[in-house]
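Asks: Quick check, what structure comes out for this input:
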Amino acid sequence: MPMFEGLSSRLDGIFKDLRKRGKLNEADVDAAMREIRLALLEADVHYGVVKSFIARVRERAVGAEVAKSLTPGQQVVKIIHHELINTLGQAGRLDLSGRTPHVIMLVGLQGSGKTTTAAKLALHLRREGYRPMLVAADIYRPAAVEQLKSLGRQLDLPVYDEGVSSPPPQIATNGVLAAAHDNRNLVIIDTAGRLQIDEDMMREVAAIRERTTPKEVLLVADAMTGQEAVNIAQGFNDQVGLTGLILTKVDGDARGGAAISMREVTGVPIKFLGTSEKTDGLEVFHPDRLANRILGMGDVLSLIERAETMEIDEEEAEALARKMQRNELTLEDFRKQLKQLKRMGPITQLLEMVPGMGQALKDVNQEDVDRQLRLTEAIINSMTPVERERPKLLNASRRKRIAAGSGTSVPEVNQLLNQFQQMQRMMKKMSNSKRPTDFRNLFR
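Replies: Okay, the predicted model is just below:
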């Protein structure tokens, strides 16, 4: 169950009722505001944030801009959208000005995903043209140093460490010096966390900050902790001083209130969202896009950006487009596209970014979708290259062999082949249409 699903579902029902109405009087607005207030509180949004948000929306909703509108219900929805963006704050931007190497310091409690986020952020900034180095300054959590070194090897990122014997402020200081010596223009320091905020952790973090003078001090906060994440952010900001927030595990079943509340309660901007456990599962925070997701309007821009990060061979894309136009798509082509789609993230998460798909997916189980995709890939992998190119060769005995080889049943093999034939017929109709279709855009 993705974050905001419950809130989006509640708001969708309220908006449908608003849109159906003609003129809106003050009583209609108050009734809608009561429902929205309840939906936000149930989603774990901070009470003060809800109170302020509802007051701003109501003031505008009973004013002239709605009264004079030909579609007052739709106008109220637009006001809610605008005020939600205001509540979420500005788009996430890092301050990496001044002398190099730029230092980014990550802080947070244990279990928030800080070490993994350090590697994700380094990968993201390397794509932006920076030359990052990771510094392993968490000497207390078992295997934290080894975890960061393992991620560094996996992503081909340098990691500075001194094991677990040196004091973290010294490790951080030496790491910045090593980065400068290695001509690295960016340092990301992974600091130690605790199970809860305490004086020892704060003293250590403050010492690291004083000795490394970071441009950014980012709190990595777990969205699954709900309202407590807001309290943690407030605590760190009061004692250390934060420049930004990274909200992790937003692909989980959190109610979403923390994301809506954090910026307004703390005054600290959200800069990134952790969207999956994969190393590329980090998105720059855009308040308008998150507002669109919450209100069920999709997020096409994020979907496009995610597709653009994939390394797609232009010649291969052109060849595939031509095959589709000639209705020559094969199971081998289908297998390749399936692999590329899986690299972009969970299917249901991608479909949520398509406008209008949010409500259609509310009864879809991500585990069922993942299982079906694994079965599909296993079935195609069990075919010979010739069979993938010429599915008509698949007689009863071959289908039985494929089912045995893929751990599936003959009916499941038949179902996949029937679906593939239906897709071929659809492609044939599209290729015969007088309206030209640029299929290449589907794979870029």
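
Asks: Ala179: neighbouring residues, count only.
Replies: Using other Cβ atoms under 10 Å, Ala179 is surrounded by 25 other residues. For the C-beta atoms, the positions are set from N, CA and C on the backbone; glycine is no exception.

Asks: isn't it right up against Val159?
Replies: No. Taking Cβ atoms under 8 Å as the definition, Ala179 is not a contact partner of Val159, at 10.9 Å.

Asks: Overlap in contacts, the two.
Replies: Here Ala179 and Val159 share the contacting residues Met133, Val135, scored by Cβ atoms under 8 Å, 6 or more residues apart in numbering.

Asks: Now the residue nearest to the spatial centre of the chain, what are its backbone angles?
Replies: The centre of the chain sits closest to Thr275, judged by Cα atoms, centre = their mean, with a distance of 2.8 Å. For Thr275, the backbone dihedrals (degrees, to the nearest 10) come out as phi -100, psi -10.

Asks: And for the closest residue to it other than its chain neighbours, the neighbour number?
Replies: Excluding its sequence neighbours, the residue lying closest to Thr275 (Cβ to Cβ, 6 or more residues apart in numbering) is Gly281, at 4.7 Å. A count of nearby residues for Gly281, using other Cβ under 10 Å, gives 23.

Asks: Wait, Gly281 touches Val250, no?
Replies: No. Counting by Cβ under 8 Å, Val250 is not a contact partner of Gly281; they are 9.6 Å apart.

Asks: shared neighbours of these two, which are they?
Replies: Residues touching both Gly281 and Val250 by Cβ under 8 Å, 6+ apart: Gly274, Thr275.

Asks: Low-confidence regions, the stretch 101-250 of the chain specifically.
Replies: Within the stretch 101-250 of the chain, no stretch has pLDDT under 70.

Asks: starting at the chain centroid, how far to the helix or strand hosting Ala229?
Replies: When elements are assigned from DSSP states H and E, Ala229 belongs to helix 227-239. Relative to its chain's centre, helix 227-239 lies at 22 Å (Cα atoms, centre = their mean, to the nearest Å).

Asks: Pull up the gap between Pro167 and Val176, please.
Replies: 15 Å (Cβ to Cβ, to the nearest Å).

Asks: Arg93 against Ile270, yeah?
Replies: No. Applying Cβ under 8 Å as the test, Arg93 and Ile270 come out as separate, 11.1 Å apart.

Asks: So between the two, which is more surrounded?
Replies: Between Arg93 and Ile270, Ile270 has the larger neighbour count (other Cβ under 10 Å), namely 28 against 11.

Asks: give me every residue that touches the more buried one.
Replies: Leu88, Gly89, Gly92, Gly244, Leu245, Ile246, Leu247, Ala259, Met262, Arg263, Phe285, Pro287 are the contacts of Ile270 under Cβ under 8 Å, 6+ apart.

Asks: How far away from the center of its chain is the longest helix seen in the chain?
Replies: Among the segments of the chain that qualify as a helix by DSSP state H, the longest is helix 410-432. Relative to its parent chain, helix 410-432 has a centroid offset of 32 Å by Cα atoms, centre = their mean.

Asks: Where does Leu245 fall, secondary structure wise?
Replies: Assigned by DSSP H and E, Leu245 falls in strand 244-248.

Asks: Helices of the stretch 101-250 of the chain, start to end?
Replies: 114-127, 144-155, 168-181, 199-212, 227-239 (DSSP state H, counting those that start in this stretch).

Asks: Nearest to Arg388, out of these?
Replies: In terms of Cβ to Cβ, the element of those nearest to Arg388 is helix 144-155, at 30.8 Å.

Asks: Compare Pro167 and Val176 and say which one has the larger neighbour count.
Replies: Neighbours were counted for Pro167 and for Val176 using other Cβ under 10 Å; Val176 has more, 22 against 14.

Asks: ok, now which ones touch that one?
Replies: With contact set as Cβ under 8 Å, 6+ apart, Val176 has these partners: Pro101, Val103, Val135, Val187, Thr212.

Asks: State the distance from the residue lying closest to Ala233 once chain neighbours are set aside to Glu204.
Replies: Closest residue to Ala233 apart from its sequence neighbours, by Cβ to Cβ, 6+ apart: Thr266 at 4.8 Å. Using Cβ to Cβ, Thr266 is found at 21 Å from Glu204.
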